[in-house]
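Undergrad: 3D, please:
(one chain, ligands or ions: 1)
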Amino acid sequence: MRDTFLVFGSPKIERPEIEEVIACMESGWLGTGPRVARLEEEFRGYKGARHAVAVNSCTAALHLSLLAAGLNPGDEVITTPLTFCATVNAILHAGAVPVLADVDSRTMNIDPTCVESAITSKTRAVLPVHFAGRPCEMDPLCDLAKRHGLKMIEDCAHSIESEYKGRKTGTFGEFGCFSFYVTKNIVTGEGGMVLTRNEEDSIRIKVLALHGMSKDAWKRFGDEGYKHYSVIECGFKYNMMDLQAAIGIHQLHRIESYWQRRRDIWQRYNEAFADLPVRLPAAPDPETRHAYHLYTILVDEEKTGIGRDAFLNAMTRRNIGIGVHYLSIPEHPFYRNAFGWKPEDYPNAMRIGRQTASLPISAKLTDRDVEDVIDSVVQIIS
Ligand SMILES: Cc1ncc(COP(=O)(O)O)c(C=O)c1O
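TA: Here you go, the predicted model:
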């Protein structure tokens, strides 16, 4: 057994970002400034998007996108029950009504037929999550959005590198929202980004992210002379700092090598677990690129003789950090009480949420770490 605990999702931090953070601190300009502008521009280029605005989390990105989508109180937004609470909370913070549509049991992504059944006269937007880095079925989803006049806001927290039929996730709809949280494919500590198709949307998001102050208010302490700003709406404090962007700029340069490392780990897990009585993640579909953000196995007690929670505890006892992505949204008391949602009404998400366990897959893992994870899983399950 390992003698040190393997932290789940620990990021790989290398010299260039450490030095960039030091340079940023020495420059004295820690807040939103030139390094944020550089990260926005490089991320926009990587994704081939029209506009990019950096914010301090994906939660903020989702919230501001929903506001910029022009939702009114009572408008409905359809999303998945197999997601982090932030997705649903952002809809609520924007004053809209979340509506859940179950996932496909194989892909674990929102099922377009369930989306179609959930559409009412009040539906204004659809918010798919590219779960684990696997792109959603964008053809039917975009078709539905077009036919029903819905805005599309993509939650790309897991899917920076993903593509569907040659097109990059986060560029299908009006808004694409990304996370650079510590466990994500690239990190800034806390951090996020919004891609937009229209310039007006990106300007509105930039204004909303900094108190509703007019564009470029962050430059007011620069060397070009004091600039007055106007508050043009009631905004939020969601801007990214240069200190965060200093990390992200260098992480972004390594995004493809980190992707390859996670793909190798994914393949090694597939080989090692091929004969175990657990369900492994479905292979990526043709004409798509998976971001390999999570490697999730399903532990069904009837087949394995051990329940999911007992499996989690057994892994932790062997010093392997493990995650759960996710208990389905209706399992949480807040949503049950507020909306009367029941897990059984979304049976695929419920079953996955009760059986799923995410194994470490960060680019930081050494070959020894990967073999330690494998040995533990094999010992517990076989
Ligand atoms: C699917 C999904 N959406 C949204 C978020 C929120 O991201 P952030 O922590 O950057 O606000 C997360 C973060 O874990 C996530 O996994």
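
Undergrad: CA only for contacts and neighbour counts going forward, please
TA: OK.

Undergrad: so which residues of this structure form strands?
TA: Counting by DSSP state E, one finds strands in the chain at the ranges 51-55, 76-79, 97-100, 123-127, 151-155, 163-164, 167-168, 175-179, 192-196, 288-289, 295-298, 356-359.

Undergrad: run through the neighbouring helices and strands of the third one.
TA: On a contact count with 3 or more CA pairs under 8 Å, 6 or more residues apart in numbering; DSSP states H and E, strand 97-100 meets strand 76-79, helix 85-93.

Undergrad: mind doing that once more with 6 Å?
TA: Contacting strand 97-100 under the criterion 3 or more CA pairs under 6 Å, 6 or more residues apart in numbering; DSSP states H and E are the following elements: strand 76-79.

Undergrad: for the strand it packs on, buried residues please.
TA: Using 16 or more other CA atoms under 10 Å as the burial criterion, the residues of strand 76-79 that qualify are 76-79.

Undergrad: I'd like the residues you listed laid out as JSON lines, including pLDDT and distance to residue 198.
TA: Below are the buried residues of strand 76-79 laid out as JSON lines (pLDDT from 0 to 100; distance: CA to CA, whole Å):
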{"residue": "76", "pLDDT": "98", "distance to residue 198": "22"}
{"residue": "77", "pLDDT": "98", "distance to residue 198": "20"}
{"residue": "78", "pLDDT": "99", "distance to residue 198": "22"}
{"residue": "79", "pLDDT": "99", "distance to residue 198": "23"}
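
Undergrad: save those as CSV, and put in distance to the ligand too.
TA: Formatted as CSV, the entries for the buried residues of strand 76-79 read as follows, by distance: CA to the nearest ligand atom, whole Å:
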residue, distance to the ligand
76, 18
77, 15
78, 14
79, 11
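
Undergrad: near the ligand, which residues of the stretch 1-150 of the chain?
TA: Proximity of the stretch 1-150 of the chain to the ligand is confined to 57-59, 83-84, 86-87, 129 under the rule CA under 6 Å from any ligand atom.

Undergrad: if we use 8 Å, what do you get?
TA: For the stretch 1-150 of the chain, the residues found near the ligand under the criterion CA under 8 Å from any ligand atom are 56-62, 83-87, 129-131.

Undergrad: please enumerate residues in contact with the top helix by length along the chain?
TA: In the chain, taking DSSP state H as the definition, the longest helix is helix 255-273. The set of residues that contact helix 255-273 without belonging to it, under CA atoms under 6 Å, 6 or more residues apart in numbering, is 361, 363.

Undergrad: which of the residues in it are buried?
TA: The neighbour-count criterion (16+ other CA under 10 Å) identifies 255, 258-259, 261-263, 265-266, 268-269, 273 as the buried residues of helix 255-273.

Undergrad: which stretches in the protein count as helices?
TA: 15-27, 34-47, 58-68, 85-93, 112-118, 138-148, 199-209, 242-253, 255-273, 301-304, 308-317, 333-339, 347-355, 367-381.

Undergrad: tell me which of these is the most buried.
TA: Ranked by mean neighbour count, those are led by helix 58-68 with a mean of 27 (mean count of other CA atoms under 10 Å).

Undergrad: show the average pLDDT along it.
TA: Averaged across helix 58-68, the pLDDT comes to 98.

Undergrad: ok, now stretch 15-23?
TA: Averaging pLDDT residue by residue across stretch 15-23 gives 98.

Undergrad: contacts for it, please.
TA: Counting by CA under 6 Å, 6+ apart, 243, 246-247, 250 sit against stretch 15-23.

Undergrad: tell me the two of those that are most distant?
TA: The largest separation in the contacts of stretch 15-23, counting by CA to CA, is between 243 and 250 at 12.3 Å.

Undergrad: coming back round to it: from the contacts of stretch 15-23, which is closest to residue 100?
TA: Proximity to residue 100 was ranked across the contacts of stretch 15-23 by CA to CA; first place goes to residue 247, at 35.4 Å.

Undergrad: isn't the closest one up against residue 189?
TA: No: counting by CA atoms under 6 Å, residue 247 does not reach residue 189; the two are 8.1 Å apart.

Undergrad: tally of neighbours for residue 191?
TA: A count of neighbours around residue 191, defined by other CA atoms under 10 Å, yields 26.

Undergrad: contacts only, for it.
TA: 56-57, 180-181.

Undergrad: and residue 217, what pLDDT?
TA: Looking at residue 217, the pLDDT reads 69.

Undergrad: then the one 3 residues further on?
TA: pLDDT recorded at residue 220 is 72.

Undergrad: distance of it relative to the ligand?
TA: 27 Å (CA to the nearest ligand atom, to the nearest Å).

Undergrad: from what I see, that residue and residue 229 are in contact.
TA: No: using CA under 6 Å, residue 220 makes no contact with residue 229, being 7.7 Å away.

Undergrad: and the closest residue to residue 138 other than its chain neighbours, how many neighbours?
TA: In space, not counting the residues next to it along the chain, residue 138 is nearest to residue 164; the distance is 7.2 Å by CA to CA, 6 or more residues apart in numbering. Neighbour count for residue 164, taken as other CA under 10 Å: 20.

Undergrad: try residue 180
TA: 27.

Undergrad: hang on, it packs against residue 160?
TA: No: at 9.6 Å, residue 180 and residue 160 do not qualify as touching, with contact defined as CA under 6 Å.

Undergrad: now the strands of the chain in JSON lines, with distance to residue 278?
TA: Formatted as JSON lines, the strands of the chain follow (distance: least, CA to CA, whole Å):
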{"stretch": "strand 51-55", "distance to residue 278": "39"}
{"stretch": "strand 76-79", "distance to residue 278": "28"}
{"stretch": "strand 97-100", "distance to residue 278": "27"}
{"stretch": "strand 123-127", "distance to residue 278": "30"}
{"stretch": "strand 151-155", "distance to residue 278": "28"}
{"stretch": "strand 163-164", "distance to residue 278": "28"}
{"stretch": "strand 167-168", "distance to residue 278": "31"}
{"stretch": "strand 175-179", "distance to residue 278": "30"}
{"stretch": "strand 192-196", "distance to residue 278": "34"}
{"stretch": "strand 288-289", "distance to residue 278": "24"}
{"stretch": "strand 295-298", "distance to residue 278": "6"}
{"stretch": "strand 356-359", "distance to residue 278": "10"}
